[in-house]
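Trainee: Quick one, what's the 3D model for this:
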Amino acid sequence: MWPPQLGYGTYKITESLSKESLKIAFDAGYRHIDCAAYYGNEAFLGIALSELFKTYNRKDFFITSKIWPTMMQNVKDQLLITLQDLQIEYLDLYLIHQPIVWDMDTQSISKKSLEQVWVEMEGCQRENLTKNIGVSNYSTKLVTELLNYCTIKPFMNQIECSLEFQNDKVIKFCIEHNIHVTGYRTLMKSQGTFDNISELKQMATKYNKTIPQIVIKWHLQKWPKNYSILVKSANKSRCQQNIDINDFALTKEEMIFLQTLDQNKRTCPGLPEWKLEMNE
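Mentor: Here you go, the predicted model:
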């Protein structure tokens, strides 16, 4: 099962906001929840999830988490910690968060390869600790290498995708290989906001929507299959607005204009010392 097209991101959700934020998301209709060990909040989210799943059915939700490069010495152990923190019995998807294995002792790239990590990821799926496994921030080159050595094919590649960094090459490649793509930082702009783009303001007025709703619609209309995006808001009305995008469609001309806003400019460069192959 592919995840719902619109997912709720949990990056930077604090302990004080975790219960309220997730309840707002659940009540608004979000069923795709994105987490990560690196975010440092899975234990807080787990408390909120355990409470919410007294009302909601866990089986109706698609929950993702990710393993960070400094945690890859034993993948299963890290996944079990995530499950314990989130207070759930299984993940729907477990991702390699960044395409590198980092040795904390030597502060350098580990001798353990991504291929070895993937073998352990496959073991976690076979043990039903996670229904699916995948990657994040993988270039076409790295996905190709993975497809050559994997036994279980990656379910997803989660990557940065926004109006300024549309990442078409990686998205097309993954979809052609039946690998689902989830975009993050989908509403981001490198500088300022989109409010100063008159054409976007005109579209928002025309459809009686907000500019973020227009951008969300562009994402999902451009890639109607095998693609989802993550958004986040702790504001109840904005959270509902973000999911309320099914009652209009952008014209061909509007889609073409939004395509011209691509600058191939990341807003999330990663850690320079890792020298990740994110742009290939």
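
Trainee: Can you tell me how far Ile245 is from Met156?
Mentor: If you measure Ile245 against Met156 using Cβ to Cβ, to the nearest Å, the figure is 22 Å. Quick note: C-beta positions are derived from backbone N, CA and C, even for glycine.

Trainee: again with Lys66
Mentor: Here the criterion is Cβ to Cβ. By it, Lys66 lies 11 Å from Met156.

Trainee: Test for you: state the pLDDT assigned to the closest residue to Ile171 other than its chain neighbours.
Mentor: By the measure of Cβ to Cβ, 6 or more residues apart in numbering, the closest residue to Ile171 outside its immediate chain neighbours is Val181, 5.1 Å from it. Note for Val181: predicted pLDDT of 98.

Trainee: same question, Trp274
Mentor: pLDDT for Trp274: 53.

Trainee: Flag the shaky bits of this structure, pLDDT-wise.
Mentor: Applying pLDDT under 70 to the chain flags the ranges 269-280.

Trainee: could you pull out the strands for it?
Mentor: Chain-ordered strands for the chain, with DSSP state E as the definition, fall at 6-9, 32-34, 62-67, 93-96, 102-103, 108-109, 133-136, 156-160, 180-184, 227-231.

Trainee: So what are the sheet partners of the second one and their directions?
Mentor: Each strand paired with strand 32-34, and its direction, by DSSP bridges: strand 6-9 (parallel), strand 62-67 (parallel).

Trainee: Out of the ones you listed, which is closest to Cys35?
Mentor: Closest of those to Cys35 is strand 62-67, at 4.5 Å (criterion: Cβ to Cβ).

Trainee: ok, Gln107 to Asn208 distance?
Mentor: Counting by Cβ to Cβ, the separation of Gln107 from Asn208 is 53 Å.

Trainee: got it, and Thr70?
Mentor: Computed with Cβ to Cβ, the distance linking Thr70 and Asn208 is 47 Å.

Trainee: Same drill for the two, tell me which one is more crowded.
Mentor: Thr70 (17 against 9; other Cβ atoms under 10 Å).

Trainee: what about stretch 26-45, start to end distance?
Mentor: Here the two ends of stretch 26-45 are set 13 Å apart, with distance taken as Cα to Cα, to the nearest Å.

Trainee: cool, stretch 48-63 as well?
Mentor: 14 Å.

Trainee: cool, and stretch 230-245?
Mentor: Taking Cα to Cα, stretch 230-245 runs 14 Å from one end to the other.

Trainee: Buried ones in that stretch, by neighbour count?
Mentor: By 16 or more other Cβ atoms under 10 Å, the buried positions in stretch 230-245 come out as Leu230, Val231, Lys232, Ser233, Ala234, Arg238, Cys239, Gln240, Gln241, Asn242, Ile243, Ile245.

Trainee: Same check on stretch 99-106?
Mentor: So stretch 99-106, judged by 16+ other Cβ under 10 Å, has buried residues Pro99, Ile100, Val101, Trp102.

Trainee: Is it possible to get a markdown table of the residues you listed that adds distance to Phe26?
Mentor: Shown next, in a markdown table, are the buried residues of stretch 99-106 (distance: Cβ to Cβ, whole Å):
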| residue | distance to Phe26 |
| --- | --- |
| Pro99 | 32 |
| Ile100 | 34 |
| Val101 | 35 |
| Trp102 | 34 |
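
Trainee: burial count for the closest residue to Ala249 other than its chain neighbours?
Mentor: Of all residues not flanking Ala249 in the chain, Gln221 sits nearest, at 6.5 Å (Cβ to Cβ, 6+ apart). Residues near Gln221, counting by other Cβ under 10 Å, number 15.

Trainee: Starting from Ala48, give me the distance back to Gln221.
Mentor: The gap separating Gln221 from Ala48 is 32 Å, by Cβ to Cβ.

Trainee: same deal with Trp118?
Mentor: 31 Å.

Trainee: Could you check which of those two is surrounded by more residues?
Mentor: Ala48 (24 against 20).

Trainee: what sits against the more buried one?
Mentor: The neighbourhood of Ala48, defined by Cβ atoms under 8 Å, 6 or more residues apart in numbering, consists of Ser18, Lys19, Ser21, Leu22, Lys23.
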